[in-house]
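# prediction below, plus the sequence it came from.
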Amino acid sequence: MNFYEKVYQIVQMIPAGRVASYGQIALMAGNPKASRAVGYALHVNPLPGVIPCHRVVNREGRLAPGFAFGGQDEQKKLLEAEGVDVDDNGYVNMQLYAWNNANP
């Protein structure tokens, strides 16, 4: 399984109503320094309706300004539809909404 396939597999495990960081996904995929590569993998997500890339944010909880599937407003809309609050500056409270993959 290549790195992108690992990323897609992990992102599919993030439950609705939770978010994960690019770094968290990189670590889980076996390459903790590859958070930018995670971002690129999600930017070219082959199955955006199946692989919920909207649930991935930066380590501070900021939405992706270049969200590939409709921009930051669309990412915000998708997260809010799952019950995740996004503030007016485009941030998610990581203490409330971060996915703890050890205890989903």
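Structure received.
# now the spatially closest residue to residue 8 that is not a sequence neighbour: which helix or strand?
In this structure, residue 8 finds its nearest non-sequential neighbour in residue 51, 4.9 Å apart by Cβ to Cβ, 6 or more residues apart in numbering. To be clear about C-beta, it is placed using only N, CA and C from the backbone, and glycine gets the same treatment. Using DSSP states H and E, residue 51 sits in no helix or strand.
# residue 51 contacts residue 11, doesn't it?
Yes: between residue 51 and residue 11 there is a contact under Cβ atoms under 8 Å: 5.4 Å.
# dump the residue contacts of the residue positioned nearest the centre of the chain.
What sits nearest the mean C-alpha location of the chain, by Cα atoms, centre = their mean, is residue 56, with 1.0 Å. Neighbour list for residue 56: 11, 14, 19-22, 25, 38-39, 42, 64 [criterion: Cβ atoms under 8 Å, 6 or more residues apart in numbering].
# let's see it at 10 Å
By Cβ atoms under 10 Å, 6 or more residues apart in numbering, residue 56 lies in contact with 7, 10-11, 14, 19-22, 24-25, 35, 38-39, 41-42, 45, 63-64, 67, 75, 99.
# how about residue 60?
21, 91-92, 94.
# mind redoing it with 7 Å?
Residues in contact with residue 60 (Cβ atoms under 7 Å, 6 or more residues apart in numbering) are residue 91.
# list the beta-bridge partners for the residue nearest to the centre of the chain.
In this entry, residue 56 is beta-bridged to residue 20, by DSSP bridges.
# which of residue 51 and residue 11 has more neighbours?
The residue with more neighbours, out of residue 51 and residue 11, is residue 11; 23 against 20, by other Cβ atoms under 10 Å.
# ok, that one touching residue 50?
No: using Cβ atoms under 7 Å as the test, residue 11 is too far from residue 50 to be in contact (9.8 Å).
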